[in-house]
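K.L.:
build me a model:
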Amino acid sequence: MPQLRPGEAALFIARKDIAHMLRQRETFLWVFVMPILFFYFIGTVTGGFAGPAGTQKDPLAVRGGEGGGFLVDELIRRLQAQNFEIVRSPSDDAFRAQTRRLIIPPPSDGYASFTDAVLAGKPQVLTFERRGESMTGNYDQLRIARAAYEVLGDLAAVKIAGNTPAPQTFADLQAMPRALTLTVKPAGRRIEPPTGFSQAIPGTMVMFTMLILLTSGAINLVIEREQGLLRRLASAPISPGSLVFGKWLGRMALALVQIAFAMLAGRVFFSMDWGRSLPMVVLVLIGWAAFTASLAVLLSSLTRTAAQTSGVGVLTTMLLAALGGCWWPIEITPDWMQSLSKLLPTGWAMDAMHKLINFGDPAVSAVPHLTAMAVGALLIGWVGTRMFRYV
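P.N.:
A predicted model of the protein is given here:
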């Protein structure tokens with residue numbers, strides 16, 4: 001019997017494999033149903049972590065300022081306008097337990113209140129403290145400084161107008177029409193880490209693609225080996241290279257089906273914005289599919305039983321997903337974890353997705369990530385081909 005041409009043989013095997021895997025109820029469930037549930041659950045939970053800009057207040061514990069006069073009231077009002085929720089802690093321990101803390105100095109040098117000291121020209125120092133590290137720490141400090149400078153600016157405006165500083169003169173100043181207004185719209189790189197669906201949908205896609213291929217994709221190869229199907233293919237007019245390439249193509253196709261469905265579902269059901277660089281986002285996900293397909297072929301040769309394959313596949317996926325930023329924005333983690341994620345394939349995929357979708361970076365910013373995944377897919381695919389076993 002004449003040997004099939006390599007391309008025809010690989011495509012034939014890939015078509016049969018993808019049809020067989022999609023007919024399995026477990027694969028169908030995890031490709032088309034579970035991702036949507038995870039999108040909703042994780043997106044809803046993490047949406048409360050930060051939420052859309054301007055809708056979620058940031059707690060700010062304030063100590064001091066009781067009976068401090070109308071300037072303290074003005075400062076508190078400006079802080080609330082900066083999206084802070086003012087918290088009055090009942091004890092020092094509760095105050096120190098807060099992430100953001102602002103200390104208003106008590107009256108001194110014989111002055112009755114903070115307001116009296118300021119109006120007398122006595123310098124007053126506001127102390128801002130923050131527990132832990134965060135990429136939004138400087139942003140918090142900027143908002144507090146803005147609130148303080150707004151109060152100081154209005155105080156200077158009242159005095160220049162020859163009025164006596166008082167709650168009514170401040171209210172009159174606020175009611176005056178502004179000769180200059182500023183409209184702020186998002187443009188370019190955002191500051192805060194992605195949360196809600198903008199984090200959950202890309203993270204779930206990356207995690208589930210690896211999970212499906214390292215479980216269903218690899219397990220089917222192990223079962224075919226146990227049942228002798230690969231031995232029968234070895235005696236068919238199909239070259240070993242075409243056989244391995246066909247198996248790889250089948251898993252690559254499964255990953256692409258899942259990715260395409262997840263992107264469509266994210267857009268239709270959750271109004272996911274895939275950013276201005278959609279073609280590069282698609283290329284990154286294709287690179288991720290290729291990498292995980294190669295990893296699935298390699299895993300099927302390293303394990304002996306379906307149970308071993310499932311255990312290794314799930315453990316590997318969960319570990320890489322957690323460390324690579326699939327479960328939470330890697331930007332909120334400690335520096336060592338952010339550095340580690342850059343060495344992991346899940347970290348490559350998630351960093352590229354964040355740059356393109358959430359931070360507004362140009363398409364070229366994801367070229368290193370795409371290159372790393374392509375090189376990884378080729379190297380792991382070569383190793384998987386060399387280690388591929390028929391028995």
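K.L.:
is Arg100 in a bridge, and if so with what?
P.N.:
Counting by DSSP bridges, Arg100 is bridged to Arg130.
K.L.:
so where's the stretch 201-350 of the chain shaky on pLDDT?
P.N.:
For the stretch 201-350 of the chain, applying pLDDT under 70 flags no range at all.
K.L.:
swap in 80 and give it another go.
P.N.:
233-239 (pLDDT under 80).
K.L.:
just the strands in the stretch 51-200 of the chain please.
P.N.:
In the stretch 51-200 of the chain, the segments counted as strands under DSSP state E, counting those that start in this stretch are 58-63, 84-87, 100-103, 127-130.
K.L.:
for the ones you listed, give me JSON lines that also has distance to Asp335 and mean neighbour count.
P.N.:
Placement of C-beta: from N, CA and C, glycine included. Formatted as JSON lines, these follow (distance: least, C-beta to C-beta, whole Å; neighbours: other C-beta atoms under 10 Å):
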{"stretch": "strand 58-63", "distance to Asp335": "22", "mean neighbour count": "19"}
{"stretch": "strand 84-87", "distance to Asp335": "26", "mean neighbour count": "16"}
{"stretch": "strand 100-103", "distance to Asp335": "20", "mean neighbour count": "21"}
{"stretch": "strand 127-130", "distance to Asp335": "16", "mean neighbour count": "14"}
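K.L.:
with mean pLDDT as added columns, please give these in JSON lines.
P.N.:
Converted to JSON lines, the strands of the stretch 51-200 of the chain look like this (pLDDT from 0 to 100):
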{"stretch": "strand 58-63", "mean pLDDT": "89"}
{"stretch": "strand 84-87", "mean pLDDT": "90"}
{"stretch": "strand 100-103", "mean pLDDT": "91"}
{"stretch": "strand 127-130", "mean pLDDT": "89"}
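K.L.:
wait, which of these is closest to Phe39?
P.N.:
Closest of the strands of the stretch 51-200 of the chain to Phe39 is strand 58-63, at 25.9 Å (criterion: C-beta to C-beta).
K.L.:
in CSV, list the strands of the stretch 51-200 of the chain along with distance to Ala307.
P.N.:
Formatted as CSV, these follow (distance: least, C-beta to C-beta, whole Å):
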stretch, distance to Ala307
strand 58-63, 47
strand 84-87, 50
strand 100-103, 49
strand 127-130, 48
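K.L.:
which of the ones you listed sits closest to Ile212?
P.N.:
With C-beta to C-beta as the criterion, Ile212 lies closest to strand 58-63 of the strands of the stretch 51-200 of the chain, at 37.9 Å.
K.L.:
for the lengthiest helix in the chain, which positions count as buried?
P.N.:
Secondary structure assigned by DSSP state H gives helix 240-270 as the longest helix of the chain. Buried residues in helix 240-270, counted by 16 or more other C-beta atoms under 10 Å: 242-259, 262-263, 265-266, 270.
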